[in-house]
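**Q** What would the 3D arrangement of this be:
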Amino acid sequence: MTCNKTSYSTERFAIEDIARIKNKSKRQTIPLRAYLCHCGSWHLTHKKDNATVKLEQKIESLIIQNEKFKTEIFNLKKSDNKQLKIDSEIITLKNTIQNKNEIIKKLRIDNKELVYKLMQKQSDNAARNLFFNLNRPMDI
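**A** Okay, the predicted model is just below:
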C-alpha cells in the first residue's frame, strides 16, 4: 500500500529532511516530526502527537495555577491581616503547590515512560524495516 505523501525509507532520512526544510524553506508550516505510516514508509507532519499535546496542556495548566498561588502568597504577605491568618493561608497554598508539583513530577515520569515506549516502538519498526530490507530480493 502506498500513500500520495512524500515517503522516506527510514526515520533518519525523514528527520534529516525536517532539518533541511527548517534551514532552507520559506514555508509557513514546517514539519515537526516524522511518523511511520501504515503504508510502511515514513512521512513528515507539522502536527504534534496527541500524548505530547495532552501532557503539554496539563503542564501549562499546572504552571498557570502555580503562578496564581504564588501571586496569592505574595498578596497575602502584603495584606494587613493578622499574622495567624496569613500563616495559615500560606501553609495551605504551599501544600497546594507541593501537591501540584507532585502532579507535575508524575506527569514528567509518565512522559518519560511514553517517550521510552515510543522509542521502543520506533526501534522495533526500525528493526522490522531492516529485516525486510535485508530479505528483499536484490535488483541486478
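
**Q** contacts, neighbours, all on C-alpha from now
**A** Will do.

**Q** ok, how many other residues are close to Ile18?
**A** Around Ile18 sit 20 other residues, with neighbours defined as other Cα atoms under 10 Å.

**Q** no wait, Lys117
**A** Lys117 is surrounded by 12 other residues when neighbours are defined as other Cα under 10 Å.

**Q** give me the element it is part of.
**A** Using DSSP states H and E, the element containing Lys117 is helix 83-134.

**Q** low-confidence ranges in this structure?
**A** Judged by pLDDT under 70, the chain has its weakly predicted residues at 1-2, 79-82, 130-140.

**Q** residues contacting Ala126?
**A** For Ala126, the contacting residues are Thr10, Glu11, taking Cα atoms under 8 Å, 6 or more residues apart in numbering as the criterion.

**Q** And for the residue nearest to the spatial centre of the chain, nearest residue in space, chain neighbours not counted?
**A** For the chain, the residue whose C-alpha lies nearest the mean C-alpha position (Cα atoms, centre = their mean) is Thr52; its distance is 3.3 Å. Using Cα to Cα, 6 or more residues apart in numbering and skipping the chain neighbours, the partner closest in space to Thr52 is Asn111 (7.8 Å).

**Q** So the one you found versus Lys105, what's the distance?
**A** Per Cα to Cα, to the nearest Å, Asn111 is found 10 Å from Lys105.

**Q** the more surrounded of those two?
**A** Asn111 (16 against 13).

**Q** ok so, going back, surely the residue nearest to Thr52 touches Glu56?
**A** No - under the criterion of Cα atoms under 8 Å, Asn111 is not in contact with Glu56, lying 9.8 Å apart.

**Q** so how far is Ile64 from the closest residue to Leu76 other than its chain neighbours?
**A** When the adjacent residues along the chain are set aside, Leu76 lies closest to Ile86, with 6.0 Å between them (Cα to Cα, 6+ apart). Applying Cα to Cα, one obtains 22 Å for the distance of Ile86 from Ile64.
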